[in-house]
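# Mind folding the following:
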Amino acid sequence: MPTATYADRTVEVNDEGFFVDPAQWTEEMAPEIAEAEGISQLSEDHWRVIKLMRAEYAEKGSGPSVRALGKTSGVSVKELYQLFPKGPAKLAAKIAGIPKPRGCI
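As a prediction, this is how the structure comes out:
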């Protein structure tokens, strides 16, 4: 199983770079993951989405879809694509340390 190191901690990731164990994630890791994905700084809106992704995963076992994110995060779908250009649900999930949401390619 591949590994990645964020905030001086080595974690197991799958072949796409998603955490195998979301419990290993810490907030200190998020900026490093984001930077590796081309996001130089996490704004308040980024954090709102990241925290919502983790809460949804903890409650339902999967992150929300882009449409659900747009409805529940207070950030429009258009803004989500500006914040997370490579695909909001997939990229936000990776930064949040949770598995890729169902339906993401």
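# For the chain, which segments are assigned as strands?
For the chain, applying DSSP state E gives strands covering 3-6, 9-12.
# Show me what the first one is packed against.
It stands for strand 3-6. Under the contact criterion of 3 or more CB pairs under 8 Å, 6 or more residues apart in numbering; DSSP states H and E, strand 3-6 touches strand 9-12. Every C-beta, even on glycine, is put in place using the N, C-alpha and C of the backbone.
# Partner strands of the strand it packs on, with direction?
strand 3-6 (antiparallel) (DSSP bridges).
# Please enumerate residues in contact with the partner strand?
The contact list for strand 3-6 (CB atoms under 8 Å, 6 or more residues apart in numbering) reads Thr10, Val11, Glu12, Val13, Gly17, Glu28, Met29, Glu32, Ile33.
# quick one: the helices in this protein?
Applying DSSP state H to the chain gives helices spanning 30-36, 44-60, 66-72, 77-83, 88-96.
# which of those helices sits most buried?
When these are scored by mean count of other CB atoms under 10 Å, the highest mean neighbour count falls to helix 88-96 (a mean of 25).
# related to what we said a few turns ago, including mean pLDDT and distance to Val66, could the strands of the chain go into CSV?
CSV is the format used below for these (pLDDT from 0 to 100; distance: least, CB to CB, whole Å):
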stretch, mean pLDDT, distance to Val66
strand 3-6, 96, 25
strand 9-12, 96, 25
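# Helix or strand with the lowest mean pLDDT in this structure?
Least confident helix or strand of the chain, by mean pLDDT, DSSP states H and E, is helix 66-72 with a mean of 89.
# list the helices and strands that one packs on?
helix 44-60, helix 77-83, helix 88-96.
# Make TSV from the ones you listed and add distance to Pro2 and mean pLDDT to it.
Below are the helices and strands packed on helix 66-72 laid out as TSV (distance: least, CB to CB, whole Å; pLDDT from 0 to 100):
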stretch	distance to Pro2	mean pLDDT
helix 44-60	21	95
helix 77-83	26	94
helix 88-96	14	94
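# And the contacts of strand 3-6, which is closest to Leu52?
Ile33 (16.5 Å; CB to CB).
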